[in-house]
Structure formats: C-alpha cells, structure tokens
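Engineer: Based on what follows, work out the 3D shape:
(chains A and B, ligands or ions: 2)
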2 protein chains.
Amino acid sequence: VLLGSPYLFQIMYSQFLSVVGFILTYNLIPPFAEKLKARGLFGKDLNKPGKDVPVPEALGIIPGTVFLVCVILSQFMFSSDAVKLLEYNAGLLSICFMILLGFVDDVIDLAWRYKLMLPTFASLPLLIAYRGSTSILIPKWIASLMSIPHLINLGYFYHLYMGLLAIFCTNSINILAGVNGLEVGQSVVITVATILHNLLELFWSVEDGTADDNPFASMHLFSLLISFPFLACSLGLLCHNWYPSRVFVGDTFTYFAGMFFAVAGILGHFNKTLLLLFIPQLLNTILSLPQLLGVIPCPRHRIPRCNPNTGLLEPTPNLTLLNFTLRLFGPMTEKRLVQILLLFQVLCCAGGLVIRHYSSLMFFFV
Amino acid sequence: VLLGSPYLFQIMYSQFLSVVGFILTYNLIPPFAEKLKARGLFGKDLNKPGKDVPVPEALGIIPGTVFLVCVILSQFMFSSDAVKLLEYNAGLLSICFMILLGFVDDVIDLAWRYKLMLPTFASLPLLIAYRGSTSILIPKWIASLMSIPHLINLGYFYHLYMGLLAIFCTNSINILAGVNGLEVGQSVVITVATILHNLLELFWSVEDGTADDNPFASMHLFSLLISFPFLACSLGLLCHNWYPSRVFVGDTFTYFAGMFFAVAGILGHFNKTLLLLFIPQLLNTILSLPQLLGVIPCPRHRIPRCNPNTGLLEPTPNLTLLNFTLRLFGPMTEKRLVQILLLFQVLCCAGGLVIRHYSSLMFFFV
Ligand SMILES: [Mg+2]
Ligand SMILES: [Mg+2]
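Structural biologist: Ligands and ions are numbered 1, 2, ... in the order given. Below you'll find the model as predicted:
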C-alpha cells in the first residue's frame, strides 16, 4: 500500500542514506578503535577472567557522528516547512548535545551531579520546540471509573512528563548493561519495533485515505526518517560489539540511544507506546531503584560475577535484571544471558505492538 | 534609547545568563583541567624553553558546554515564534556539532580529510534553516561601473557563499594561533565588535521608529542574544589562557568560536560586516595559502621559534601573520607579540565598524 503513497520517495531516500551510514559506521570503527585505545580510552572485559586484552571504549562516537551526518542530509526533504524543520532541528540538537556529553563523560568521568543535570538541559530544545498536542487519552474504562474526561489536556505538565521521559530513556538504557552487546542489542530491537509501529500507523492512515491531512501521519513519517539511520548505525556498531566484544560502546552510545528514543517517541507522538517497548528497561530501573536511591549500598559495578572454573556467569546480590535472570534460570554463559535478555526484549516489543495495534489488526484480519 | 525599547527585557535576561555563564566557566576550568591532564590531554608550551610543565589541552569544552546551556535557556524568549526558533535551533545545532567535532579532534587527532569535510556537514543545518534574503547589495560605484543592478539576488549561490563563510571562519581562527591567549583574545575582540555593531543597528532602528516591523532589527537582537553568552564564556576561558597559559584551548574552542561567528553573522544578516572584522584572519589565511595548498612544504607547527638565550621569539620561514609581525618589528617577548596582534585586531574591528556605520554616524553627529 505504501508503494503508491506520497511517502515513498522520502522513505527510499532515508533508506539509501541509512545503507551508506551502515557501511561508514562498520568500516570506520576499527581504525578509530585503535586511535581511542592509543589515547587510553579502553576498558577490561570484566566477564572474561584470564583474558586481559584491553578493549577500546567510547566507540558510540562513530555511529553518533555518522547518524548526525545522515539526518542532517535528510533535512533537504522538509526544507520548505518551517515548523517541521524546527522540530527536526530541535530534536537533533538534543541528540547532538547528548552525544557530546556522553563522549565527554567517557573521556573524563563526570560527577553524578553533572550526569543528572545535563540531560535535563539537553532535552530542553526538544520540549520548547514541541508543537504537538499536550493532551493524553485515558483508556475509557479508567475514565468512566474515575468519572474524568476521556481526553485530558495536561498543558505544561505534559512538557514535564516529556522531560522526565527523556531522562528515563537516557538513563534506563545506560543501566541495563554490563554484558557484551546488550546496550546496542536492546537499542536495535526497540528501533525495529519503533519502525514497525510507524509503518503500521502510516499504513492505516494511507488505507483510511486520511494521510494527506492527518497530522499524525507526518509525525510518524518524521519518526521513521530518523529511525532508519539510527538502526543502520547501531547495526554497524553491533557487528563489532557483539559477543565477544572487540569494542565497547561507552556512555556516548547509551546517552545517544536514549535521547534518540525520546526524540522519536515525542516528535512521533507515540510516547505511551514507547513505554510499552521499554518494559525491560522499566523493570530494570524499578529493580535498581533501592540501590540508585542509596537505600541499599551501590558498588561501582553491579554486573554478574564470572566463575573462572566453570566460565559461567553467576548472580551477585545487586538488584538488576541481569542478576534476576541468572537467579531465575541458573548460571549460564555470557552469550546465552545476552540472548535471553534480547529475546525478552523482542517479546516485550512484539507484545507492545500487538496491544497497541490490536483493534486495527482485528479490523483487518477478522 | 534602548532603555525604553521592547528589547530591554530580553537583553537583560541574556546578560544575567551571561554573568552566570562567566562564573561557571571560570570556576569549572581548573578542576576539569586536572581531569583532562590526567587523561593524557596535555601539551608542551613550545615557546617556553626550559619549562617542561605539561599544560592541559582542549579546555574549550567548558565554555562550549556552558555556552550551549546558556543559549538553550535563552530559547524560552522566542518559544512562540516557530521561524525564529527554527533559525535559533539550527544555529545551535551547527555550533554543537562543531564543538563535538573539535573535542573528538583534540582527543584523537582527526585526519585532514575529516577536518575539511565535517565542518561542511556541520554548517548545513544553518544553511537549510536560513529564511532571510539571498540578495546582496553591491556598492553603488561598482554597480554603475560594471553596469549591473545595485541589488543582486544570488539564490542558491548565496547559500554556497554562506557555507564557504562558515568554513572560512572555522579554519581561519584555528590557524591564527600559536602564542598564549591569541585564539581566545581575537575571539573576544571580534565578539565585542559584533555586540557593538548589533547594538548600533538596534539603536538606529529604535531611533527610526522602525523597530517593530523591521526584520533586520530582530535579526540583530538574535545575534546579540547569542553574543553575550559567547563573550562571557570566552572571557572565563581567557582568564586561564592568558600569558602565561595555565590551560590550552584546543581545536574545541577554535571550531566552536569559528562556527559561532558564522552563525552570528549569517542569522544576524551582517556577513559582509563580519568579513571586515575578520581582516587579520583574512590576511593570515592569504599569507598561509601557499603552505596550506602544498605549494611550499608545510611543517606540523608553523609558530615562531623562541631563542633560549634572549627569551625572545624570532620569526621562522613559515608564512604566517605571527612571523610577518616579528619580521616587521624584530624579535620580542611572547606577551608583547600577543598584545601587538590583539591591538591590530582591535584597530581592524574599530575601522570596520566605522566604515560600516560611517553614514549613520555622520547623520547623528554632524
Ligand atoms: Mg555506561
Ligand atoms: Mg588548533
């Protein structure tokens, strides 16, 4: 259906840029990894006892920069529409600022107060530029139960909610980490779900014939056009970061990915759906809260411990989704743990998409 | 006159933010200098033989980040005007991307091909978002001499011109360097001239009573509102970078400053005046061209040589404004050389402003 739609050209241009972005990311990472390692930016892989090879850090800077170049080159497509271009530029400014902060954090570890404060400033351009609705739909049964209106205009509280969402996305990906390939893997899965969600929404609106005057359609298109290059650049990184990791991604990548999802969700106007896709991150954050808030002591690293005799990962008392998984299924190899967590991510995303599109899917297939 | 003008509140808010920005920059530099030095980001001061103290590098990241926070907080002032906000965000995106590239360049020296290519991408958001006139005024006598119209619409060539201007600003500040305090010093002088120019323009338009419907007035206001925080953050850095330098500014600062001037000039719509303020940089670039283009061999460093016996700087055969100055006035101390070059910058800027405002000044004072 999308073949004959007015979006075809824009989607194809974005996909072409993304392919170039993937090739660039994939090929630039090895030489830059050497340079970063030479500069002292490397870490030890804590899950591989006996293997003391330094692994280059902060490689998220490559997909980050390539992504920025790709999306800047996409701008030509809406250069005539000031409002769209505004949201686009504001979103990119937020992402770019976050990449900068992440890289600075990787080079000189920032104190916690900066880590918490700076993402707030980084998300401001996005919030100020936001021109969409500030209303939320309350599910009908809750609305009637509490006898409140179905559609509530939150006004500035909506902006507060968006700001908190941006901070949640940025930090929740950063703390669901610690085994090879997990940061990038979860981001890739969520991006695929984001792309599917946007394509489905565009599909419904083209079917309806409302595409031309439906503001939501252009929002989903927008979200799509930044999701393709993000997926491509993340895949380029994942090739080198997958178990056993030849490079680490650093806070540069996790901050970049988190702000990207916030931008895609807010400007694509599907931030409730986004939370459905973030269920593993949400669980991990809730599990971690007692340690993050300092109720229970929080060590520098909270990852599982590798038993040098069996080569299997075993849980530590730290409250994370990784340790919880190991308690549930018993000790396992690092690779298996990543696979299980990514499978859980896939199931959550699939479930989220089904819940979101249930009624539309029913309408089509029943 | 500006006291009663509608701009007063915006200017005062911007100045308040700038004062905070100066204090932050000034106080954050010492602790971050230590962190950067510990990370291996330091250089030797080549003009101080016998003094082998490592000087922390890349401190431009502090004024850069503080500047971004200040200008993001300024956004609230035009949050209702989408077109203005668009130009603002696009300009900030260009600046932010350039700071990121500069810092990456300082951490891992980038190859020349990236150094040349990436500023081009960084300036694209600015060019795409530009909503102003694409016409230039030709001085009347040239126009009548060549029998061409007085006002020429360059169309897309104007965008090309702006792109080249951004690349020129970025690189010309970067190569007029090599003695303590020169990079930041020249930027401070040019910024003061920029602020005076914008204030004069605003002053004329308030006098005329055309302020409210004069699109140029709002452009100059815009330029003013980013110039105050830039001046403040640069001054905060200059306090530590002035002779004898306790910190070096790195490509982070020169790229940041260059793109800032391009944004201020383009969105403030005074890019011809800007070139008048850049006369020292223009001279240095023209002098350097034979070496930059590879006609004459170009060593890694082209700075003057310090004679360890006299402690004075002596010219090297490299074609730079620094060596030219030393040839003209004879060997001198590093401090004196910086003072002479900055005095030359002040004279050029003052001359540029007088040329630009000659007719208006005549009108007022004669
Ligand atoms: Mg991390
Ligand atoms: Mg330099």
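
Engineer: Let me see the contact set for the residue of the stretch 101-250 of chain A found nearest chain B.
Structural biologist: Going by CB to the nearest CB, chain B is nearest to residue A:108 of the stretch 101-250 of chain A, at 4.0 Å. Backbone N, C-alpha and C define where each C-beta goes, glycine included. Contact analysis of residue A:108 by CB atoms under 8 Å, 6 or more residues apart in numbering or on different chains lists B:32, B:35, B:36, B:38, B:39.

Engineer: Quick check: the gap between the third one and ligand 1.
Structural biologist: Using CB to the ion, to the nearest Å, residue B:36 is found at 20 Å from ligand 1.

Engineer: ok, now the second one?
Structural biologist: Residue B:35 sits 18 Å away from ligand 1 when distances are taken as CB to the ion.

Engineer: State the helix or strand in which that residue lies.
Structural biologist: Under the criterion of DSSP states H and E, residue B:35 resides in helix B:8-38.

Engineer: That helix vs chain A: in contact?
Structural biologist: Yes. Helix B:8-38 comes into contact with chain A (CB under 8 Å from any CB of the partner chain), by way of B:32, B:35, B:36, B:38.

Engineer: Sort out which residues of that helix are buried, please.
Structural biologist: Within helix B:8-38, the residues scored as buried using 16 or more other CB atoms under 10 Å in any protein chain shown are B:10-11, B:13-14, B:17-18, B:20-22, B:24-26, B:28-29, B:32-33, B:35-37.

Engineer: so who does residue A:123 touch?
Structural biologist: Neighbouring residues of residue A:123 by CB under 8 Å, 6+ apart: A:94, A:162, A:163, A:166, A:167, A:259, A:262.

Engineer: Show the model's pLDDT score for residue A:256.
Structural biologist: Per-residue pLDDT puts residue A:256 at 97.

Engineer: next one: residue A:48
Structural biologist: pLDDT at residue A:48 comes out at 83.

Engineer: what does residue A:289 give?
Structural biologist: For residue A:289, the predicted pLDDT is 91.

Engineer: Look at it and give its secondary structure.
Structural biologist: helix (DSSP: H, G, I helix; E, B strand; the rest coil).

Engineer: What's the local residue count around it?
Structural biologist: Residue A:289 is flanked by 12 other residues according to other CB atoms under 10 Å in any protein chain shown.

Engineer: go on, residue A:79?
Structural biologist: With other CB under 10 Å as criterion, residue A:79 counts 14.

Engineer: Could you do the one 10 residues further on as well?
Structural biologist: Other residues within reach of residue A:89 by the criterion other CB under 10 Å amount to 29.

Engineer: For it, give me its contacts.
Structural biologist: Counted by CB under 8 Å, 6+ apart, residue A:89 has contacts A:75, A:129, B:86, B:89, B:90, B:93, B:125, B:129.

Engineer: Tell me which two in those are the farthest apart.
Structural biologist: Greatest spatial distance in the contacts of residue A:89: A:75 and A:129, 14.5 Å, computed using CB to CB.

Engineer: beta partners for residue A:42?
Structural biologist: residue A:56 (DSSP bridges).

Engineer: Backbone dihedrals for residue A:136, please?
Structural biologist: With angles defined as degrees, to the nearest 10, residue A:136 sits at phi -120, psi 150.

Engineer: How confident was the prediction at it?
Structural biologist: Reported pLDDT for residue A:136: 73.

Engineer: What is the neighbour count of it?
Structural biologist: Per other CB under 10 Å, the neighbour tally for residue A:136 reads 14.

Engineer: give the contact list for residue A:153.
Structural biologist: Per CB under 8 Å, 6+ apart, neighbours of residue A:153: A:134, A:135.

Engineer: ok, so what distance separates the closest residue to residue A:13 other than its chain neighbours from residue A:14?
Structural biologist: Closest residue in space to residue A:13, ignoring its immediate chain neighbours: residue A:77 at 6.6 Å, by CB to CB, 6 or more residues apart in numbering or on different chains. As for residue A:77, its distance to residue A:14 is 8 Å (criterion: CB to CB, to the nearest Å).

Engineer: shared neighbours, these two?
Structural biologist: When contacts are counted by CB under 8 Å, 6+ apart, residue A:77 and residue A:14 have residue A:225 as shared neighbours.

Engineer: Let me know the distance separating the residue of chain A found nearest ligand 2 from residue A:183.
Structural biologist: Of all residues in chain A, residue A:39 sits closest to ligand 2, at 17.2 Å by CB to the ion. Applying CB to CB, the value for residue A:39 to residue A:183 is 21 Å.

Engineer: Neighbour count for these two, which is higher?
Structural biologist: residue A:183 (26 against 18).

Engineer: give me the element that one is part of.
Structural biologist: Element membership for residue A:183 (DSSP H and E) is helix A:182-208.

Engineer: Same check on residue A:297?
Structural biologist: Assigned by DSSP H and E, residue A:297 belongs to no helix or strand.

Engineer: who are the neighbours in contact with it?
Structural biologist: Applying CB under 8 Å, 6+ apart to residue A:297 gives the contacts residue A:291.

Engineer: Tell me the backbone dihedrals of it, please.
Structural biologist: Backbone torsions of residue A:297, given as degrees, to the nearest 10, read phi -50, psi 140.

Engineer: give me the number of residues near the nearest residue to residue A:243 once chain neighbours are set aside?
Structural biologist: Excluding its sequence neighbours, the residue lying closest to residue A:243 (CB to CB, 6+ apart) is residue A:180, at 4.1 Å. Neighbour count of residue A:180, defined by other CB under 10 Å: 22.

Engineer: where are the low-confidence patches of the stretch 51-200 of chain A?
Structural biologist: Across the stretch 51-200 of chain A, residues meeting the criterion (pLDDT under 70) sit at A:139.

Engineer: picking that back up, out of the contacts of residue A:123, who's nearest ligand 1?
Structural biologist: residue A:259 (14.2 Å).

Engineer: Just want to check the distance between the closest residue to that closest one other than its chain neighbours and residue A:64.
Structural biologist: The shortest distance from residue A:259 to any non-neighbouring residue, by CB to CB, 6+ apart, is to residue A:98 (4.0 Å). Separation of residue A:98 from residue A:64 (CB to CB): 9 Å.

Engineer: Residue A:73 contacts residue A:17, doesn't it?
Structural biologist: Yes. Contact criterion CB atoms under 8 Å: residue A:73 and residue A:17 qualify, at 5.9 Å.

Engineer: Doesn't residue A:246 belong to a strand?
Structural biologist: No. Secondary structure assignment places residue A:246 outside any strand; it is coil (three-state DSSP).

Engineer: Between residue A:98 and residue A:64, which contacts overlap?
Structural biologist: Joint contacts of residue A:98 and residue A:64 (CB under 8 Å, 6+ apart) are residue A:256.

Engineer: buried sites along the helix or strand encompassing residue A:340?
Structural biologist: Using DSSP H and E, residue A:340 sits in helix A:334-365. Buried residues in helix A:334-365, counted by 16+ other CB under 10 Å: A:334, A:336-338, A:340-342, A:344-346, A:348-349, A:352-353, A:356-357.

Engineer: Could you do stretch A:287-302 as well?
Structural biologist: Under the neighbour-count criterion of 16+ other CB under 10 Å, stretch A:287-302 has A:287, A:288, A:291, A:302 buried.
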